[in-house]
Structures are given as structure tokens and as C-alpha cells.
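K.L.:
requesting a structural model of the entry that follows:
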Amino acid sequence: MQKITSRVRTFRKNSTKSEDVLWQIVRNSKIGFKIVRQKPIVIDYFNSKRTFIADFYCKEANVVIEVDGGVHAQQKEYDSLRTMVLSQKKLQVIRFTNAEIMSDANETINKIKQKILTTINQQSSIISKKPLLRERRRGRG
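P.N.:
Numbering: from 1, shown residues only. Predicted coordinates for the structure are as follows:
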């Protein structure tokens, strides 16, 4: 875990301008939900532990927020695979390019809020449809 912690710290220190802009808006629950940055997510993938580091993560809704910079143009297949693996673990992934964040941060925040709210509502709906467990009362005999 030490290696991962070191990578996370490095990512935080070397964040992109768009990651910094987004972080200043979402930090300290400013948008109504707690969001952390550079969150390690450990996944069992084909009987092997893999750790993905999400740019941003909202635990309350299991939403991963990814900021795609220039390097992502060369790794579209990896990003797609990563999104698929995270989705199989019941994590919702939403992606933004650096350009989207820098050109309209408010719209980005609105999309993030909408994704979080939609996901929470879906989770609540699933939970409310499950039959309630009733406690059995034992008769006195």
C-alpha cells in the first residue's frame, strides 16, 4: 500500500489545471456531497488485485469522476476497459475532458451533481423494492 500512497501523493502534487479547478469547486462538500480526490480503488480482476486511482470519488453515490487530459487520447482502449471494470463493481463513471472543465466549470458541476443524484435515487429505488424482512415472533410455549 505504501507504493500506492506514494503515487497518490505524487498525483495530487502534480495535478492538472483542470483537476485543480474542479477540486476547488467540489472540496469540503461545497456541492452538497463529499468528494475526495486521487482515491485508490482496489478491484479483484481475473483473480488478481488491481488498484485504480480515481481522479475524484463520491462514496455516497459510488461515483467515479475522471478528468481526461491529452494523454487519454492515446489510451482510449485502456480507459474503456477501466470504466467497464469499475462499472462491474457497481461504480458509476463520469468523464470530462480538460477542455470541458476549463470552458464551462459550472456545466461540469451540474453534470456531476445530476449523476450523483440520479445514482443515489436509483440505489434508493432498488433498496425500497426489496421485500422487508420481518422479525419472527416466537410463541411462548
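
K.L.:
tell me how far the residue most central in space within the chain lies from Asn47.
P.N.:
Geometric centre of the chain, nearest residue: Val64, 1.5 Å, by Cα atoms, centre = their mean. According to Cβ to Cβ, to the nearest Å, Val64 and Asn47 sit 23 Å apart. The C-beta positions use only the backbone N, C-alpha and C, and glycine is treated the same way.

K.L.:
any idea how far the residue nearest to Val26 when sequence neighbours are not counted is from Ser103?
P.N.:
The shortest distance from Val26 to any non-neighbouring residue, by Cβ to Cβ, 6 or more residues apart in numbering, is to Ile35 (4.4 Å). In this view, Ile35 and Ser103 are 21 Å apart by Cβ to Cβ.

K.L.:
and Lys89, by the same measure?
P.N.:
For Lys89, the distance to Ser103 (Cβ to Cβ) stands at 31 Å.

K.L.:
and for Leu22?
P.N.:
13 Å.

K.L.:
more neighbours: which of these two?
P.N.:
Neighbour count, other Cβ atoms under 10 Å: between Leu22 and Ser103, Leu22 has more, with 26 against 11.
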